[in-house]
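Student: Here is a sequence together with a model predicted from it:
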Amino acid sequence: MTEAAGSEIVRRWREVLTCYSRVSCALDRALQDAHGIGMSEFEALERLAETADDKIKMNRLGADMYLSQSALSRTVARLERAGLVERDMCPQDRRAVFVSLTDTGRELYTRARTTQRAVLAEHMVDDRGASPDGQDSGACDSGREDEADSRTSGGLSRR
């Protein structure tokens, strides 16, 4: 690989990281402000809502998400304390734990999904540079905020 090609790959990688950072901070802030949950909590609720029976084994949820096992455990514990999910032992395998969405969790997810989709539509564009509403812009339409201002502690209480 030439030096120029390597530099271009690094530049594109940094664009991806910057886009992810800005969009995830905007998502986390919007979800926290409107619904009292962070991006990780929303993602867990969405994964559960997408299953056929609103439940999934904890290890499967962990494999589907971008969180470490300990971060996933903390996220699920926050959701459980808030009454949004329940944990149950798997009757066939006592080592496995099911996480299931409660009615309250489904209601919150349904409301929060609207917020999440609005933030994504505002910040994301397709590979042609077009946003979901057809407007042309860059790969990530997220330069509206200073990165330092977009950081948040978001989410349910960490206690």
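Tutor: Yep, it's here.

Student: pLDDT below threshold where in this structure?
Tutor: Low-confidence segments of the chain (pLDDT under 70): 125-159.

Student: one more time with 50, if that's ok
Tutor: Counting by pLDDT under 50, the ranges of the chain that qualify are 136-137, 142-153, 159.

Student: in the protein, which spans are strands?
Tutor: In the chain, the strands defined using DSSP state E lie at 55-57, 85-89, 97-101.

Student: which of these is buried the deepest?
Tutor: Across those, averaging neighbours per residue (mean count of other Cβ atoms under 10 Å) puts strand 97-101 on top, at a mean of 20. Bear in mind the C-beta positions are built from the backbone N, C-alpha and C, glycine included.

Student: Residues touching it, excluding its own?
Tutor: 44-45, 48-49, 53-58, 61, 76, 84-90, 109 (Cβ atoms under 8 Å, 6 or more residues apart in numbering).

Student: Then stretch 51-59?
Tutor: 47-48, 64, 72-73, 76, 87, 90, 96-101, 106.

Student: Quick check: the farthest pair among these?
Tutor: Based on Cβ to Cβ, the longest span within the contacts of stretch 51-59 runs between 96 and 106 and measures 22.7 Å.

Student: Residue 11: which of the contacts of stretch 51-59 is nearest?
Tutor: residue 64 (30.5 Å).

Student: is it true that that closest one touches residue 46?
Tutor: No. Contact criterion Cβ atoms under 8 Å: residue 64 and residue 46 do not qualify, at 10.1 Å.

Student: Endpoint to endpoint, stretch 86-106 covers what distance?
Tutor: Using Cα to Cα, to the nearest Å, the end-to-end distance of stretch 86-106 comes to 12 Å.

Student: gap between that stretch and the chain center?
Tutor: 21 Å (Cα atoms, centre = their mean, to the nearest Å).

Student: in stretch 50-63, what counts as buried?
Tutor: Neighbour-count burial for stretch 50-63 flags 54, 55, 56, 58, 61, 62 (criterion: 16 or more other Cβ atoms under 10 Å).
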